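Student: Test case, fold it:
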Amino acid sequence: MRYAHTLLFVCPDCNLPIAISRISDKKNLEGVDGELVRIKCAYCEQASEVAAVTAKVHWVTDWSGSGPVAAKGSQVGVANLGSGGDHS
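Tutor: This is a model prediction of the structure:
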């Protein structure tokens with residue numbers, strides 16, 4: 001099974017939202033949170049590389065080859081609290 005990880009960041013320059021998605025064969029947040037990701041703001045066009053764990057919010061959705069699996073109960077949202085990666 002594959003999972004879509006969607007992460008929401010805050011642009012370091014203009015403080016507006018930047019969303020990115022990644023596909024993984026792992027559902028747990030820690031696999032993606034350990035990565036460095038490249039983000040680019042659609043508003044001010046600032047680009048930078050950040051640790052995925054710094055995302056304000058991290059969602060995981062079951063994903064099949066043809067698109068999202070049934071929406072009922074398929075989405076889990078977890079806020080990252082602090083820079084230590086606390087996902088409580």
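Student: Residue 61 pairs with what?
Tutor: residue 4, residue 75 (DSSP bridges).
Student: my read: it touches residue 2, true?
Tutor: No: Residue 61 is not in contact with residue 2 according to Cβ atoms under 8 Å; the separation is 9.9 Å. (C-beta placed from N, C-alpha, C; glycine too.)
Student: Between the two, which is the more surrounded one?
Tutor: In this comparison of residue 61 against residue 2, neighbours counted by other Cβ atoms under 10 Å, the higher total goes to residue 61 at 18 against 14.
Student: What's the separation between the more buried one and residue 15?
Tutor: Summarising the geometry, the distance separating residue 61 from residue 15, computed by Cβ to Cβ, to the nearest Å, is 26 Å.
Student: Equivalent analysis for residue 46, please.
Tutor: Going from residue 46 to residue 15 by Cβ to Cβ gives 11 Å.
Student: which one of those two has more residues nearby?
Tutor: For residue 46 versus residue 15, neighbours defined as other Cβ under 10 Å are more numerous around residue 46 (13 against 10).
Student: where's the more buried one relative to residue 30, distance?
Tutor: From residue 46 across to residue 30, the span is 28 Å (Cβ to Cβ).
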